[in-house]
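Got a sequence here, can you model it:
(2 chains)
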Amino acid sequence: MDYDPGIIEEKWQRRWAQEGLDKAKDDFSSPKAYILEMFPYPSGDIHMGHVRNYVLGDVIARYHRFKGYNVLHPMGWDAFGLPAENAAIKRGIHPARWTWSNIENMRKQLKRLGISYDWDRELATCDPTYYKWTEWFFLLLYKRGLAYRGRAKVNWCPTCKTVTANEEVIDGKCWRCHQPVEERYLEQWFFKITDYAERLLNDLDRLPGWPEHVKTMQRNWIGKSVGAEIIFKIKEIDKDVKIFTTRPDTLFGATFFAVSPDSSLINEMKSSPLFRREEVESFISYVKSATDENERFGVFTGLHAINPVNGEEIPILVANYVLQEYGTGAIMGVPAHDQRDFDFAKKYGLPVKTVILPPGRPPEEELESAYEGEGVLVNSLMFNGLYNEIAKVKIVEYLEKKGLAEPKINYRLKDWLISRQRYWGSPIPIVYCDNCGVVPVPEEDLPVLLPEDADFAPGSISPLAKSEEFVNTTCPKCGGPAKRETDTMATFICSSWYYLRYTDPHNSKMPFGKDAVKYWMPVDRYIGGVEHAVLHLLYSRFFTKVLYDAGYVDFEEPFTNLFTQGMVLKDGVAMSKSLGNIVEPSPIIEKYSADTLRLFILFASPPEKELEWSDEGVDGMWRFLNRIWRLFNELIPYVNNGDDALDSGIERELIRWRHISVKRVTEDIIERFHLNTAISTLMEWSNFLGDNIDAVKKVKGVILRDTLETFLVLLSPFTPHIAEELWEMLGHKESIFREKWPEYDPNLMKQFEYELVVQVNGKLRDKIRTDERDMEKLKYAVLELPKVKRFLQGKEIKNIITVPEKLINIVTD
RNA sequence: GCCGAAGUGGCGGAAUAGGCAGACGCGCUUGACUCAAAAUCAAGUGGGGCUUUGACUCCAUGCCGGUUCAACUCCGGCCUUCGGCACCA
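Below is the predicted model of the structure:
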């Protein structure tokens, strides 16, 4: 009988669903494992990246079920977002219809892969029963003072016709459409994630199960810098201006003062007759149109700032490299100890004043570049001779007493802009009333439903604003006429809490039940792409911390272990429509089988690395599965051999292979997550069986049965269908997935005879097979080996190194 | 520029605690089966040397050096590639 996966896979997928094998049990007393993969955006089809992500998760989930855990392994849809609207505009289909039909299709594709999800817990963020609670979260943040409306410089994507968060702008381009974004000043809704900057940073240290590079990326993004704010007086007008610096120790070296072209100080300086209005204004308009962003430009304003520590007057410049949105939008320029200031000073002929000297450098030496390292203070009056790290503190303390400075920590992280001027998202449950102002929609009135008949063609205003029926409402407070907020929420809000919803997906009273969350959370294994290292993963951590503070959960981090898989490549580059190098999963499944595709994806590369697609590699996996099929068909009749069957060395070998393989596969799955080597172990094992098939047929039935059954259990997380079919052919009525994961016994892994490596001066000279385990005896025996003798000729033995049951190294002079 | 990861056959990759470098798979070569092909099976496959073709020998894990009886593995320095951040004061 030939391996016919079309029939087998359909048969078992149906039966597993009937039996409910993959359902998580709401029995909160047993040990649990929450295995989660990042849910997909329902774009239409599952692609290879999804396959990799979900097959990896499936192996882990199935393994944990074998180990007796109550496993939660759910799937859902990150279903709000722009592509639905764009498709709607292009093809005249309603975003909801487009989305739901994509979900339908992709669910089918995932089921065809045999991924063991608990489909009863499926969710979609665009479903009102879900986004009701997304709105609830908005209100929670609003109540806690973490959601506010503010005017700020924001990123506007002209292609997507909406604003985006800083996290969504990569190299000045929109994360979704890769087009350049524009700056706009707009009033928008923000989440105050900066309130959590310190905790988001510190708690990374409590996540040993996260990859270091992801934590580093988050640390960089949060961008903490410790320093001080120092007040400079403007000489010509009566005005104090704060600057932020991480180097207060270099304060005496400040030779100029600079503000950003967007600084409000520029306006205020106009009151002075000395202000060089024309130069400054033409400079600003020049800088705004300048294309070379890396070139530093500046212009003297005509005014001066007074250094608070020594009363020195230094010129105030407007400089394009001073950022308005970081620190205070003003800096002190210390050319001697900051490379940017140094380059700028050289360009405009500003003085360079050394105030920190590394040991051994004469103070009069002219600098070739800024010295940014440690040293001792000079030219700094009463602080001279202090080590700079100490001076940092002393100078701030000195000025603090005079009310001219205070220690300050700045973060690069900015508040999270969450408004989107688009239709297909969760409404923001806010009402504007002429009498009462901004009024949150009461919880009992949730959800604020998206109007179905909205004109969602994007324009300069949100599509919801064009729906009279939606906009016009009554004020929940005074009952008077009021207007609804017409922006929708960023979709990253929907995905910031979905992992909580899976624990209790049908709860109509709350976003999740306390007991369910307490039992299932945190997620034990979270698997997904590294592209969410900052975005989704930072936002989710933020949400969890807010919930913790509000008393809804008793943990502060949602994902205990995080795994970021590598990308799937074709011809060395990521698969993409524009390159036309996409390999679709479905035709591969049709041509071979789901098991073949699963096996290839797992075998071709370790999970964290990039995976290069190979048609020949898929062929190889297909051949392997066929070999397994034939091997089992040939051997299964012999599992009924009696106990009087031939007892030969092969039995010992079979037992040894079994225990070694169990150990290797188990450790590869759970400790190293190297599924490629787990599979190669199974290949080696099956090669051994195939190479010795005539002898294997003659062993005792119990031993053969144990060999075949153990093999199938180890194989089943990777290729569940073929394993289940062969399991049934071995006479089992119960599913293989109700089995226990096999144990191994190190004593049974030992070879009676083993191979001893013999080296002379660290070079391999011979190998001998022996059952002798006493290394002292072997030490002298190997000296008599002819090959060893040859290399010892005329040399004196200085030492003999032995590694038990492994190696002997003879060292000569 | 700063931070992080990685460099091993023709290719994907293995070597888990410093102990046989190249497991497993792909590809390739040869053979068997076949009218033929496919499929399958068998053998071989890092590079070089040979006036002993061998149970031979030398070289080889990005480069240079070090530690060690022994280094893909540890240490120091460099090179390259990829990823992240980037006028963040």
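
Low-confidence ranges, the stretch 251-400 of chain A, go.
Filtered on pLDDT under 70, the stretch 251-400 of chain A yields the residue ranges A:290-293, A:363-364.

Break down it into its helices, ranges please.
Along the stretch 251-400 of chain A, the segments classed as helices by DSSP state H, counting those that start in this stretch run A:265-269, A:277-289, A:339-348, A:388-401.

Out of those, flag the one nearest RNA strand B.
The closest of the helices of the stretch 251-400 of chain A to RNA strand B is helix A:339-348. By C-beta to the nearest atom of the strand, the value is 5.0 Å. Bear in mind the C-beta positions are built from the backbone N, C-alpha and C, glycine included.

which residues touch stretch A:640-654?
For stretch A:640-654, the surrounding residues in contact (C-beta atoms under 8 Å, 6 or more residues apart in numbering) are A:688, A:692, A:695-696, A:698-704, A:707, A:752.

What's the ChimeraX syntax to select whichever of the residues you listed are buried?
Burial among the contacts of stretch A:640-654 is assessed by 16 or more other C-beta atoms under 10 Å; the matching ChimeraX selection reads:
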select /A:688,695,696,699,700,703,704,707
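
just checking, what packs against the host helix or strand of A:Leu778?
Assigned by DSSP states H and E, A:Leu778 belongs to helix A:775-781. If you count contacts as 3 or more C-beta pairs under 8 Å, 6 or more residues apart in numbering; DSSP states H and E, helix A:775-781 packs onto strand A:797-803, strand A:807-812.

if you skip the residues just before and after it, what's nearest to A:Thr246?
Leaving aside its chain neighbours, A:Thr246 sits nearest to A:Gly227 (3.7 Å; criterion: C-beta to C-beta, 6 or more residues apart in numbering).

since we're on the residue of the stretch 551-700 of chain A found nearest RNA strand B, how many residues are nearby?
The nearest approach of the stretch 551-700 of chain A to RNA strand B comes at A:Gly620, 2.6 Å away (C-beta to the nearest atom of the strand). For A:Gly620, the neighbour count with other C-beta atoms under 10 Å is 17.

residues in contact with the closest residue to it other than its chain neighbours?
With C-beta to C-beta, 6+ apart as the criterion, A:Gly620 has its nearest non-adjacent residue at 7.8 Å, and that residue is A:Phe600. By C-beta under 8 Å, 6+ apart, A:Phe600 lies in contact with A:Ser614, A:Gly617, A:Val618, A:Gly620, A:Met621.

Wait, a helix at the last one?
Okay, so that is A:Met621. Yes. Judged by DSSP: H, G, I helix; E, B strand; the rest coil, A:Met621 forms part of a helix.

doesn't A:Ile601 make contact with it?
No. Under the criterion of C-beta atoms under 8 Å, A:Met621 is not in contact with A:Ile601, lying 9.2 Å apart.

more crowded one of those two?
Applying other C-beta under 10 Å to A:Met621 and A:Ile601 shows that A:Ile601 carries more neighbours, namely 30 against 23.

could you dump the helix or strand hosting that one to PDB, C-alpha only?
If you go by DSSP H and E, A:Ile601 is part of helix A:594-603. Taking Å, rounded to 0.1, in the frame of the first residue of the first chain, the C-alpha atoms of helix A:594-603 are listed here in PDB:
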ATOM      1  CA  ALA A 594       0.900  19.000   4.800                       C
ATOM      2  CA  ASP A 595       3.300  16.700   6.700                       C
ATOM      3  CA  THR A 596       5.900  17.200   3.900                       C
ATOM      4  CA  LEU A 597       5.700  20.900   4.100                       C
ATOM      5  CA  ARG A 598       5.800  20.900   7.900                       C
ATOM      6  CA  LEU A 599       8.800  18.700   7.900                       C
ATOM      7  CA  PHE A 600      10.700  20.800   5.400                       C
ATOM      8  CA  ILE A 601      10.000  24.100   7.200                       C
ATOM      9  CA  LEU A 602      11.300  22.600  10.400                       C
ATOM     10  CA  PHE A 603      14.200  20.700   9.000                       C
END
